[in-house]
Structure formats: C-alpha cells, structure tokens
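Q: no sequence for this one, just the structure:
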C-alpha cells in the first residue's frame with residue numbers, strides 16, 4: 001500500500017516533498033530526478049530553492065515525463081521551456097543534464113527508444129514526481145495504457161486536451177500527440193511521489209490508491225510499486241475510504257521513516 005500523506009494545502013505539500021528531494025541530493029549529488037510539469041508540482045519546485053540552499057546541484061540530473069509532438073522547443077508551453085523556466089533556471093541546475101523527450105517530427109519513430117536508453121545510461125530515476133489527471137492518467141498515459149508500456153508516442157484524449165487548453169490560447173493550439181514515458185518506465189523509478197490537489201482529483205486519487213488495478217485508470221499502476229508516497233490535500237482525499245487510517249499511520253510513524 002502506498003504511503004498517503006494528507007496535508008492542509010499545496011504549500012505544505014511542496015515543502016514536504018522539497019525536503020525529501022533535498023535530502024536525496026545532499027546524500028547523492030548526482031541524483032536523478034523525474035520531473036513532472038503542469039500546475040501540480042509547482043509548489044515543490046518553488047520550495048526547492050530554499051530546501052536546496054547551500055547544496056551542490058551541479059551534478060543533479062533530470063528526466064521530464066513527457067513532451068508534445070510537433071511543438072517548437074522554444075514555444076513557452078513546450079515542456080522543454082516549462083522545465084527550463086520552472087526548474088532549471090530557478091534552481092541553478094546544469095541544463096545539459098536535464099533531459100526532455102524529443103518531440104520533433106524528424107526521427108519521431110525512434111524517440112522513445114532513444115529516451116529509454118538515456119534513462120538507462122543515467123542509472124535510472126531515483127525519485128519520480130507525478131501528478132494525476134481527472135481521468136486517472138499519469139504522464140500522458142491515457143486510460144487503456146499498458147502497465148508494461150515504455151516511452152512512446154501517444155494520442156491525447158479530448159479530455160486531456162481540454163484540461164491543458166488553459167495553457168494555450170485555445171484548445172485548437174493544444175497538440176494532438178505527445179511523447180510520454182510509459183507506465184512500465186515510470187514504475188522502474190526507485191521512489192514515486194504523486195501529488196494531487198482539489199476535489200476535482202478526488203475520484204482519480206481514490207481509484208489510484210484504493211480502487212482495482214486497471215488499465216482504465218492508469219494511476220492505479222502505483223499499487224505495483226514498492227515505494228510510493230501520495231501527498232494530497234483534504235479535498236483530494238475526500239473520496240478515500242481509509243483516510244483516517246492514513247492520517248493515523250503518518251502521525252505515528254517512526255521519526256526515521258521520512259518520505
């Protein structure tokens with residue numbers, strides 16, 4: 001069972017996860033981070049500046065979960081631009097050590113294999129940050145994705161395009177395709193940290209944590225991983241059957257069992 005941490009809000013969640021990442025980086029300066037985009041991980045990235053103060057981040061490596069296909073990397077909403085703007089520059093990371101899938105049409109047929117090879121060469125991801133969509137997707141693994149899937153090109157659902165339209169001028173500007181790490185790829189990270197906020201994510205969170213293991217809700221794949229931390233606010237926790245149990249176990253865990 002995943003460790004579920006129910007917090008008062010986004011700021012507390014961001015600080016909690018940022019402290020875990022900072023401990024990892026201080027103990028392993030060449031740590032490999034799995035970087036999610038979107039609004040959900042922003043509190044973590046904002047808190048990392050303080051959490052990593054004084055730490056050597058020159059060797060930290062990172063791999064983004066996904067990228068749009070056919071969107072110019074210089075476009076402000078490409079995930080290359082987002083990761084650079086929200087993570088690399090504020091934290092002073094080496095941009096050459098931070099990788100994003102190649103979504104350019106040229107060579108798109110092999111982009112997944114090349115990204116898998118780069119992750120393997122880095123020794124795998126130490127800590128993977130995840131969000132979850134309203135339909136239960138993680139990364140861009142839409143409902144129906146195989147739990148064994150690897151990095152590949154996917155067609156986005158209409159719901160995901162509508163959810164992401166807020167970042168663009170209109171839904172017509174949201175790309176139809178993406179390159180995403182597969183569920184099988186994500187499950188190979190050594191520690192998964194999934195964040196979710198708001199009542200709109202409550203059903204997806206409950207399905208991922210307590211529901212049946214099903215490709216219809218890709219987030220349920222976290223149940224297959226030996227080390228998962230789910231950090232959510234009260235609204236996102238509102239559909240959890242065992243919420244009181246999660247609060248009890250977190251409040252009474254041994255001090256050395258940090259997330």
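A: Sure thing, it's come through. Note that the structure is predicted; figures quoted are calculated from it, not measured. Numbers count the residues shown, from 1 in each chain.
Q: pLDDT of the lengthiest helix in the chain, averaged?
A: Secondary structure of the chain per DSSP state H: the longest helix is helix 10-27. Averaging pLDDT along helix 10-27 gives 98.
Q: ok, the residue nearest to the spatial centre of the chain - contacts?
A: Ranked by distance to the mean C-alpha position of the chain (CA atoms, centre = their mean), the top residue is residue 130 at 2.2 Å. If you count contacts by CB atoms under 8 Å, 6 or more residues apart in numbering, residue 130 has them with 34, 36, 65, 138-139, 186, 192-195, 222. C-beta coordinates here come from the backbone N, C-alpha and C atoms, glycine included.
Q: pLDDT wise, what is it at?
A: Looking at residue 130, its pLDDT reads 98.
Q: out of everything not next to it in sequence, what's closest to it?
A: The shortest distance from residue 130 to any non-neighbouring residue, by CB to CB, 6 or more residues apart in numbering, is to residue 194 (4.3 Å).
Q: Run through the residues that contact that neighbour.
A: Counting by CB under 8 Å, 6+ apart, residue 194 has contacts 2, 130-132, 138, 208, 219, 222, 228-231.
Q: okay, those residues in TSV with distance to residue 13 next?
A: Shown next, in TSV, are the contacts of residue 194 (distance: CB to CB, whole Å):
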residue	distance to residue 13
2	15
130	13
131	12
132	13
138	17
208	16
219	17
222	17
228	15
229	11
230	10
231	5
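Q: Among those, which one lies nearest to residue 166?
A: The shortest approach to residue 166 among the contacts of residue 194 belongs to residue 131, at 14.3 Å (CB to CB).
Q: what's the burial count for the closest residue to that closest one other than its chain neighbours?
A: Once flanking residues are discounted, residue 131 sits nearest to residue 40: 3.6 Å by CB to CB, 6+ apart. Residue 40: 21 surrounding residues under other CB atoms under 10 Å.
Q: OK, contacts around the residue lying closest to residue 165 once chain neighbours are set aside?
A: Closest residue to residue 165 apart from its sequence neighbours, by CB to CB, 6+ apart: residue 171 at 4.1 Å. Counting by CB under 8 Å, 6+ apart, residue 171 makes contact with 161-162, 165.
Q: Neighbour count added to these, as a markdown table?
A: Formatted as a markdown table, these follow (neighbours: other CB atoms under 10 Å):
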| residue | neighbour count |
| --- | --- |
| 161 | 17 |
| 162 | 13 |
| 165 | 14 |
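Q: rewinding a little: how close does the residue nearest to the centre of the chain sit to residue 167?
A: Residue 130 sits at a distance of 18 Å from residue 167 (criterion: CB to CB, to the nearest Å).
Q: wouldn't residue 129 be in contact with residue 34 here?
A: Yes. If you go by CB atoms under 8 Å, residue 129 and residue 34 touch, sitting 6.0 Å apart.
Q: The helix or strand bottoming out on mean pLDDT in the chain: how far from the chain's middle?
A: Lowest on mean pLDDT, DSSP states H and E among the helices and strands of the chain sits helix 158-164, with a mean of 86. Centroid separation between helix 158-164 and its chain, computed with CA atoms, centre = their mean, to the nearest Å, is 17 Å.
Q: just stretch 63-82 next, same as before
A: Counting by CA atoms, centre = their mean, stretch 63-82 is centred 15 Å from the centre of its parent chain.
Q: residues touching the nearest residue to residue 68 once chain neighbours are set aside, list them.
A: Once flanking residues are discounted, residue 68 sits nearest to residue 175: 4.1 Å by CB to CB, 6+ apart. If you count contacts by CB under 8 Å, 6+ apart, residue 175 has them with 68-71, 156.
Q: So which of these are in strands?
A: Residues of these located in strands (DSSP state E): residue 68.
Q: Buried ones only from the contacts of residue 175, please, as a ChimeraX command.
A: To isolate the buried members of the contacts of residue 175 in ChimeraX, using 16 or more other CB atoms under 10 Å:
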select :68,69,71,156
